[in-house]
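**Student:** I'd like to go over a predicted model; first the sequence, then the structure.
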Amino acid sequence: MYAKTNSLVTSKLIRRIILPGILALGASGTVLMAHKHEVQAAAVTASALDDNSVPSLIALDRDMETLAARVTPAVVNVAVTSKGGDDEDVQTHMQGELDPNDLPPQLRQFFGFGGPGGRRMPRQEPLRHGVGSGVIISPDGYIVTNHHVVDGATQIKVTLHDRRVLTGKVIGSDKLTDIAVIKVDAHDLPAITWGDSAKLHPGQNVLAFGSPFGVLQFSVTRGIVSAVNRPAPFSSDARTPGGLIQTDAAVNPGNSGGPLVNAHGELVGINQMIATNSGSFAGASFAIPANTAKSISDQIIRTGSVHHAYLGIGMNDITPENAQFFNLNDARGAVISQVTAGSPAASASLKNGDVIHTLNGHPIENGGDLQLQVAQMTPGTKVTLGILRNGSEQTVNVTLGEYKKNTEMASEDGDNRGQASGNNGKIGIALGELTPDLRQQLNIPSDVKGAAIEQVRPGSPAEDAGLQPGDVVLEVNRKPVASADQAATSLRGTPEGKNVLLLVWSNGGASYRVVTPSHG
């Protein structure tokens with residue numbers, strides 16, 4: 001049984017990698033098994049190689065050994081006890097075990113259960129046990145791990161590399177970035193050195209440390225950086241910063257919160273998630289960049305809380321498919337698909353269709369990159385955005401606000417009806433008016449104007465683009481539409497064989513979708 005599972009494409013593809021203690025401790029009879037493969041190979045004769053035969057491999061071997069020996073003392077095992085919560089379906093008593101409250105009052109009294117007259121006893125809330133990892137960031141006992149490792153913890157036991165077991169205390173935790181800081185009462189601990197995750201590039205060597213499956217403490221695996229600035233589509237929270245580091249270093253349940261280090265032994269990431277259909281490593285693991293982890297942990301240690309900067313936009317990545325609609329030759333940057341009323345972005349007069357390509361002079365690769373950079377800033381920070389508006393280069397100054405729980409956020413996820421008054425067979429949608437009843441049914445704000453999608457033909461280009469009944473078309477090819485007739489006319493006016501750019505309101509936010517019409 002694993003902890004919370006998030007969805008990337010299917011509901012079980014992305015798993016947070018904390019391992020419940022019942023599995024980690026072997027109570028469920030877990031057996032580690034090796035895969036058996038039958039192989040046939042020609043007989044070969046080989047003699048032992050001396051150190052001079054493959055000097056580069058020998059040197060690499062020694063370097064990796066030295067690196068692991070230097071980092072491992074800063075790695076910790078984090079065992080957590082918490083009360084049963086909403087994350088998992090936890091039964092109040094074990095299957096087959098007698099619960100006195102299930103007995104009639106007379107039998108409860110006969111067997112001595114409960115109070116006078118056999119009154120019902122309060123149910124015991126079940127305890128959950130989990131195992132994760134962490135890394136020491138200061139000699140006086142501060143440790144960084146994941147929020148989801150310690151979330152709801154009533155007891156934390158930290159096992160150091162020297163086998164000491166200490167009690168940990170949560171100093172602060174941030175659900176949005178999945179970073180937490182715990183403290184143990186100790187001094188002169190071996191602390192890791194922070195690295196600069198902005199200097200990571202695909203192909204660089206990295207090592208991942210932690211406690212896979214909970215029982216394999218202080219393990220190390222090696223891989224390379226597969227990609228940087230990965231967005232976080234597996235999060236249901238549109239504010240979740242992207243910019244994740246993808247590697248092929250083997251990471252499994254129990255590795256959550258452990259360090260990812262570069263070839264210098266510097267901390268460049270905090271292991272967080274794996275992409276898998278099986279629950280175990282399948283070649284893609286994800287880590288929170290160290291620059292994000294350091295910014296958040298510094299705030300927690302300094303103030304005990306985290307204050308997130310707030311821009312107030314919804315956005316999509318610029319892709320080869322949508323770049324032409326924004327007069328771009330390069331598929332880089334983030335296009336604004338929604339501006340939240342009253343937000344810093346609105347105050348700075350940013351608009352839908354603006355393409356952000358620099359922040360304080362630094363290039364923006366995609367929406368995840370922009371989210372990551374903003375996430376590392378504090379409220380009140382003044383930033384300069386380089387934007388393209390209708391092909392014209394402009395600079396816009398914005399003072400970042402502070403996100404609060406009651407702040408309405410624009411969705412940053414790229415991803416009963418009136419009479420149908422328009423139908424575009426090439427696209428595969430039927431359109432209707434956005435009636436008051438439909439607004440109430442779908443919780444669509446009164447200032448959203450457009451055409452409601454009533455039907456999506458199975459197997460159509462619209463379905464391929466992710467459109468679904470209940471979505472609202474706000475723009476067609478960068479032109480706003482206020483009714484089903486306007487939208488249908490604009491769709492019919494699209495030249496034969498040309499892609500269509502739609503701005504669509506869906507699931508509480510707006511995003512751009514490129515639809516490729518069918519031919520014939």
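**Tutor:** Sure, I can see it.
**Student:** So residue 273 versus residue 255, what's the distance?
**Tutor:** 10 Å (CB to CB, to the nearest Å). Just so you know, the C-beta spots here come from the backbone N, C-alpha and C atoms, and that holds for glycine as well.
**Student:** higher neighbour count, those two?
**Tutor:** Neighbour count, other CB atoms under 10 Å: between residue 273 and residue 255, residue 255 has more, with 35 against 27.
**Student:** That one: what's its closest spatial neighbour, skipping adjacent residues?
**Tutor:** residue 210 (3.7 Å; CB to CB, 6 or more residues apart in numbering).
**Student:** List phi and psi for that neighbour.
**Tutor:** Dihedral pair for residue 210: phi 160, psi -160, per degrees, to the nearest 10.
**Student:** what sits opposite it in the beta ladder?
**Tutor:** According to DSSP bridges, the partner residues bridging residue 210 are residue 219.
**Student:** OK, contacts around it?
**Tutor:** Contact partners of residue 210, counting by CB atoms under 8 Å, 6 or more residues apart in numbering, are 75, 132-133, 219, 251, 254-259, 271.
**Student:** try 7 Å this time
**Tutor:** Contact partners of residue 210, counting by CB atoms under 7 Å, 6 or more residues apart in numbering, are 75, 133, 219, 254-255, 258, 271.
**Student:** After the helix or strand where residue 168 lies, which helix or strand is next? Please name it.
**Tutor:** Using DSSP states H and E, residue 168 sits in strand 165-174. Downstream of strand 165-174, the next assigned helix or strand under DSSP H and E is strand 179-184.
**Student:** which helices and strands does that next one pack with?
**Tutor:** strand 142-146, helix 147-150, strand 165-174, helix 290-303 (3 or more CB pairs under 7 Å, 6 or more residues apart in numbering; DSSP states H and E).
**Student:** so which of the ones you listed gets nearest residue 456?
**Tutor:** helix 147-150 (35.2 Å; CB to CB).
**Student:** buried set for the helix or strand that the closest one is followed by?
**Tutor:** As assigned by DSSP H and E, the chain's next helix or strand after helix 147-150 is strand 153-159. For strand 153-159, burial by neighbour count (16 or more other CB atoms under 10 Å) applies to 153, 156, 158-159.
**Student:** so where's the stretch 401-520 of the chain uncertain?
**Tutor:** Along the stretch 401-520 of the chain, the parts satisfying pLDDT under 70 run over 405-426, 518-520.
**Student:** Where do the helices of it begin and end?
**Tutor:** Taking DSSP state H, counting those that start in this stretch as the criterion, the stretch 401-520 of the chain carries its helices at 436-442, 461-464, 484-492.
**Student:** shaky segments in this protein?
**Tutor:** Applying pLDDT under 70 to the chain flags the ranges 1-53, 84-125, 232-242, 405-426, 518-520.
**Student:** run the last query once more with 50
**Tutor:** Across the chain, the ranges flagged by pLDDT under 50 are 1-14, 20-45, 86-100, 108, 111, 113, 118, 233, 235-239, 406-424.
**Student:** what's the spacing between residue 313 and residue 320?
**Tutor:** For residue 313 relative to residue 320 (CB to CB), the value is 22 Å.
**Student:** okay, the two: which has more neighbours?
**Tutor:** Set side by side, residue 313 and residue 320 show more neighbours around residue 313, with 29 against 10, by other CB under 10 Å.
**Student:** The more buried one contacts residue 336, correct?
**Tutor:** Yes - using CB atoms under 7 Å, residue 313 makes contact with residue 336 at a distance of 5.0 Å.
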